[in-house]
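Colleague: Quick one, fold the following:
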Amino acid sequence: MTSDFYRGLILILLLLAAASCSAPPGPSPLMDAVSDETQDERPIDWAEYEDFDPEPYREPAGDPINMIRHDVPEALLSADVMTFSSSEEQSGFRIQIISTLDKQEADQMVEDALTWWRRFIADAALSALYPQIESEPPVYQDFRAPYYRVRIGNFRNREDAERLLDVVEKSYASAFIAPDRVLIGAPTE
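Modeller: Numbers count the residues shown, from 1 in each chain. The predicted model follows:
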């Protein structure tokens, strides 16, 4: 039985070898067609095949300056721009009026401090202690786990903070001066 198997296998291999050798020599018909086209090197006139006219789809040329739309205010695009000395954050001092674990208590203290600050600024005798350069009252709530801290003011030096501390302590007995990163500077024209 194994000799019949080997005979059949040899017979198949011989038939395959004979079939592969029986192709006529030379290029295949596909190669002949390609080589004939490459030998004829005349330019192709695409007008015979292409009938698309892009002219109706062209956008009209316009003034590029008027076509550009910005979200930037016109005042900033003009040459007459106000100069700003940016509010920079730097080392300084604030007066801390409370430190608490309770967020609601801290939020209530911020509201109280805003009310206190507005009354303070309205009093001409006291407003000299803190020159008002901010557009909003300088009342800040800061969270550093696990405490919520409420602080007021932006002072460059400790002496300025000490002058205001005397007034703040009348309303907030536990107030003290704390070093902090403060905002110094204001817009100038």
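
Colleague: and the lengthiest strand in the chain, which residues are buried?
Modeller: Longest strand in the chain, counting residues (DSSP state E): strand 88-100. Buried residues in strand 88-100, counted by 16 or more other Cβ atoms under 10 Å: G92, F93, R94, I95, Q96, I97, I98, S99. Any C-beta I mention is one placed from the backbone N, CA and C, and that applies to glycine too.

Colleague: hmm, which two among those residues are most spread apart?
Modeller: G92 and I98 (19.7 Å; Cβ to Cβ).

Colleague: hmm, back to that, which of the buried residues of strand 88-100 sits closest to Y140?
Modeller: The shortest approach to Y140 among the buried residues of strand 88-100 belongs to R94, at 6.9 Å (Cβ to Cβ).

Colleague: got a pLDDT number for that closest one?
Modeller: What the model reports as pLDDT for R94 is 94.

Colleague: Make sure it is actually in contact with R181.
Modeller: No. Checked against Cβ atoms under 8 Å, the pair R94 and R181 is beyond contact range at 9.2 Å.

Colleague: L164 is in contact with G153, isn't it?
Modeller: Yes. At 6.2 Å, L164 counts as touching G153 under the criterion of Cβ under 8 Å.

Colleague: Give the intersection of the neighbour lists for the two.
Modeller: The contact sets of L164 and G153 overlap at I95, Y130 (Cβ atoms under 8 Å, 6 or more residues apart in numbering).

Colleague: neighbour count winner among those two?
Modeller: Neighbours per residue, other Cβ atoms under 10 Å: of L164 and G153, the larger number sits with G153, 25 against 20.

Colleague: And the more buried one, its phi and psi?
Modeller: phi 90, psi 160 (degrees, to the nearest 10).

Colleague: now it: how far from D160?
Modeller: To D160, G153 is 8 Å away according to Cβ to Cβ, to the nearest Å.

Colleague: which residues are common contacts for these two?
Modeller: F93, Y130.

Colleague: which residue sits closest to R156 in space, ignoring its chain neighbours?
Modeller: The spatial neighbour of R156 that comes closest, neighbours along the chain excluded (Cβ to Cβ, 6 or more residues apart in numbering), is G92 at 5.3 Å.

Colleague: residues in contact with that neighbour?
Modeller: Counted by Cβ under 8 Å, 6+ apart, G92 has contacts N154, F155, R156, N157, P179, D180, R181, V182, I184.

Colleague: which residues does the fourth one contact?
Modeller: N157 makes contact with G92, F93, according to Cβ under 8 Å, 6+ apart.

Colleague: again with the third one
Modeller: Contact analysis of R156 by Cβ under 8 Å, 6+ apart lists Q90, G92, F93, V182, I184.

Colleague: now the contacts of G92 in CSV, with pLDDT, distance to D107 and secondary structure?
Modeller: Output for the contacts of G92, formatted as CSV (pLDDT from 0 to 100; distance: Cβ to Cβ, whole Å; DSSP: H, G, I helix; E, B strand; the rest coil):
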residue, pLDDT, distance to D107, secondary structure
N154, 90, 21, strand
F155, 89, 24, strand
R156, 89, 29, coil
N157, 89, 30, coil
P179, 94, 24, strand
D180, 93, 20, strand
R181, 91, 22, strand
V182, 89, 22, strand
I184, 76, 27, strand
